[in-house]
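Quick one: sequence and predicted model below, then my questions.
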Amino acid sequence: MSPGSSRHPLEVVDKRSMTPALERGNRLEDAIGRQVRVYRAQLGMTIANLARQSGLSPGMLSKIENGQTSPSLTTLQSLAGALNVPVTALFRKYEQDREASFVKAGKGLVIDRRGTRAGHQYHLLGHSVGNRAMLVEPYLIVISEPSDVFPLFQHDGVEFIYILEGEMVYRHGSRVYAMSSGDSLYFDADAPHGPEELKRLPIRFLSFIVEPNPGS
């Protein structure tokens with residue numbers, strides 16, 4: 001089911017708003033330095049030992065371990081070889097800044113769509129965070145009143161629905177599915193789709209729409 005309306009901002013948690021000390025702890029250089037230091041200690045090696053085996057100067061190795069310089073890929077490969085670990089192990093503790101969209105129970109943004117006229121309530125539970133090639137829109141859809149009008153939807157991408165409560169017959173293209181609590185359906189959203197018959201009210205189901213981001 002395509003939103004058919006402009007996107008609305010929900011609460012976004014961004015780690016960049018956290019303390020400078022935590023931000024520094026999440027920097028790539030710091031994460032690499034910590035891992036080099038940990039692996040060196042596990043092998044019982046001194047800075048001088050590791051510097052000699054990796055072909056670095058002790059001063060440069062000290063800067064790497066303290067997050068004071070950004071080592072090249074060649075340097076990382078030399079360090080990984082001397083420590084007998086894959087290069088990827090040196091990035092293991094790195095945590096990039098990530099956003100999150102948080103919505104309290106019952107606080108999903110209510111939006112109008114074509115189905116609203118047929119008694120469907122659409123609660124937007126989040127929005128895509130960051131710059132992604134795909135847009136993901138999660139909805140809680142509630143149908144609490146009988147309706148003789150069942151609008152069908154078509155849009156790009158794919159959709160997944162999961163029934164939380166109630167029973168209905170759901171159409172996708174030329175096929176129909178009798179769905180009740182616990183049932184799910186994953187489908188190509190380019191085919192006409194939507195509820196065709198309401199069997200037991202109220203009906204509550206989750207809908208996840210994934211479509212290309214035109215701005216990516």
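Right, received. Where do you want to start? Residues are numbered from 1 along each chain as shown.

Okay, strands next: where are they in the chain?
Using DSSP state E, the strands assigned to the chain run over residues 12-14, 99-101, 109-111, 120-124, 134-143, 158-172, 175-180, 184-188, 193-212.

Who are the contact partners of V169?
Contacts for V169 (Cβ atoms under 8 Å, 6 or more residues apart in numbering) come out as 176-179, 195-197, 199. (C-beta placed from N, C-alpha, C; glycine too.)

Excluding residues flanking it in the chain, which one is nearest it?
What sits nearest to V169 in space, not counting adjacent residues and going by Cβ to Cβ, 6 or more residues apart in numbering, is E197, at 3.9 Å.

Tell me the helices and strands packed up against the helix with the most length in the chain.
Using DSSP state H to define each element, the chain has its longest helix at helix 28-42. Judged by 3 or more Cβ pairs under 8 Å, 6 or more residues apart in numbering; DSSP states H and E, helix 28-42 is in contact with helix 47-54, helix 58-65, helix 73-83.

Mean neighbour count added to the ones you listed, as TSV?
Shown next, in TSV, are those (neighbours: other Cβ atoms under 10 Å):
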stretch	mean neighbour count
helix 47-54	17
helix 58-65	18
helix 73-83	17
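
In CSV: those, plus distance to V36 and mean pLDDT.
Below are the helices and strands packed on helix 28-42 laid out as CSV (distance: least, Cβ to Cβ, whole Å; pLDDT from 0 to 100):
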stretch, distance to V36, mean pLDDT
helix 47-54, 8, 96
helix 58-65, 5, 95
helix 73-83, 6, 92
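
Reformat those as TSV; add distance to A133.
Converted to TSV, the helices and strands packed on helix 28-42 look like this (distance: least, Cβ to Cβ, whole Å):
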stretch	distance to A133
helix 47-54	38
helix 58-65	34
helix 73-83	26
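
Of those helices, give the one that comes closest to K93.
K93 lies closest to helix 58-65 among these, at 13.3 Å (Cβ to Cβ).

Could you list the residues in contact with the closest one?
Helix 58-65 has contacts (Cβ under 8 Å, 6+ apart) with 29, 32-34, 36-37, 40, 47-48, 50-51, 54, 56, 69, 71, 75, 79.

quick one, domains of this protein?
The record assigns the chain these domain ranges, following automatic domain parsing: 27-91, 104-212.

what about the longest one, start to end distance?
Think domain 104-212. Start to finish, the residues bounding domain 104-212 are 27 Å apart (Cα to Cα, to the nearest Å).

ok, now the shortest one?
For domain 27-91, the first-to-last residue distance is 11 Å (Cα to Cα).

Check stretch 40-51 too.
Terminal residues of stretch 40-51 lie 10 Å apart, using Cα to Cα.

same check, this time on stretch 62-76
End-to-end distance of stretch 62-76 (Cα to Cα): 14 Å.

before we move on, back to that, among the domains of the chain, which gets the worst mean confidence?
If the domains of the chain are sorted by mean pLDDT, domain 104-212 sits at the bottom with a mean of 86.

now that one: how far from the chain's centre is it?
Between the centre of domain 104-212 and the centre of its chain there are 20 Å (Cα atoms, centre = their mean, to the nearest Å).

got it, and stretch 202-216?
Chain-centre distance of stretch 202-216: 13 Å, with Cα atoms, centre = their mean.
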